[in-house]
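Q: what would the 3D arrangement of this be:
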Amino acid sequence: MTDEQLYNMCKALAKRYKNQQDYGDLVTEGFLQCLEAKESADKELNGGYYKSVARRAMNDYKNLSTKSTSIPTSGTARLVVKALSKGEDPKNIKGVNDETLRSLTYAISNSTDLVEDLQICTPDHAKEFEEKQFQQYAIGVARKTLSDDKLHILESHFLQGNSLEDIAVELGVDRATIYRRKDEMLKEVCNNL
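A: Presented below is the predicted three-dimensional model:
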């Protein structure tokens, strides 16, 4: 087949998708695959072979390349797509480990529910710095406004991580008293911030 015949065949195949937005891309994908097949062939190939090559390239473009996640076009990926399109469980595919199968299934189904789990998030150092500065400022205000007994309770709880129950036992008072004192101390510090 000549290049012009291959191009016309790809245009006819692309029209079947009834999507004008992707029409040019589909024609290009099919035509390029046909040219690659023609160049790599040792002998003259028949029109049916070129048609299947173009159709596969167009299907890959439409069903795989337009997904938000890149999907391999291996035989395994095709088997997973086939199983999912038939409503079958892709776990029945033999020779594929579970992690690969799970990744392919998520990619092919275009699932985005795990995006938060997969994204690597860089901590905001400015935010961390501001929080640390505010904490130091609040501690300074607490040291200026609270008595030594009250300051001991706040430092023991917030800076050393002791529970209020442990502090109550240490001071020999009941829990309700410590909870009340903590609330009073926090209000006093907040009023002076």
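
Q: what's the helix or strand harbouring C34 in contact with?
A: Assigned by DSSP states H and E, C34 falls within helix 23-40. Contact with helix 23-40 is made by 1, 3, 6-7, 9-11, 13-15, 17, 19, 45, 49-50, 53-58, 60-62, 65, as judged by Cβ atoms under 8 Å, 6 or more residues apart in numbering. Every residue, glycine included, has its C-beta placed from N, CA and C.

Q: per-domain residue ranges of this protein.
A: Listed by automatic domain parsing, the domain ranges of the chain are 3-118, 125-192.

Q: export the ones you listed as JSON lines, with columns for mean neighbour count.
A: As requested, the domains of the chain are exported to JSON lines (neighbours: other Cβ atoms under 10 Å):
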{"stretch": "domain 3-118", "mean neighbour count": "15"}
{"stretch": "domain 125-192", "mean neighbour count": "13"}
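
Q: and these, which one's lowest on average pLDDT?
A: Among the domains of the chain, domain 3-118 has the lowest mean pLDDT, at a mean of 76.

Q: so how far is it off the chain centroid?
A: Chain-centre distance of domain 3-118: 23 Å, with Cα atoms, centre = their mean, to the nearest Å.

Q: what of stretch 179-193?
A: Distance, stretch centre to chain centre, for stretch 179-193: 42 Å (Cα atoms, centre = their mean).

Q: need the residues that contact that stretch.
A: By Cβ under 8 Å, 6+ apart, stretch 179-193 touches Y137, A138, V141, A142, K144, T145, L146, K150, I153, L154, H157, L164.

Q: in three-state terms, label K94 for me.
A: coil (DSSP: H, G, I helix; E, B strand; the rest coil).

Q: heads up, I number from 18, so please use that
A: Done: numbering now begins at 18, and the last item shifts to K111.

Q: after the longest helix along the chain, which helix or strand is next?
A: If each helix of the chain is counted by residues according to DSSP state H, the longest one is helix 142-162. Per DSSP H and E, the first helix or strand lying C-terminal to helix 142-162 is helix 165-171.

Q: name the helices or strands packed onto that next one?
A: With contacts defined as 3 or more Cβ pairs under 8 Å, 6 or more residues apart in numbering; DSSP states H and E, helix 165-171 has these neighbours: helix 142-162, helix 192-209.

Q: can I get those in JSON lines with distance to L118?
A: As requested, the helices and strands packed on helix 165-171 are exported to JSON lines (distance: least, Cβ to Cβ, whole Å):
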{"stretch": "helix 142-162", "distance to L118": "39"}
{"stretch": "helix 192-209", "distance to L118": "53"}
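
Q: and the ones you listed: which comes nearest A100?
A: A100 sits nearest to helix 142-162 of all the helices and strands packed on helix 165-171, at 45.5 Å, using Cβ to Cβ.

Q: from the chain's centre, how far out does the closest one sit?
A: The chain centroid and the centroid of helix 142-162 are separated by 34 Å under Cα atoms, centre = their mean.

Q: equivalent analysis for stretch 163-172, please.
A: Using Cα atoms, centre = their mean, the offset of stretch 163-172 from its chain centre is 46 Å.
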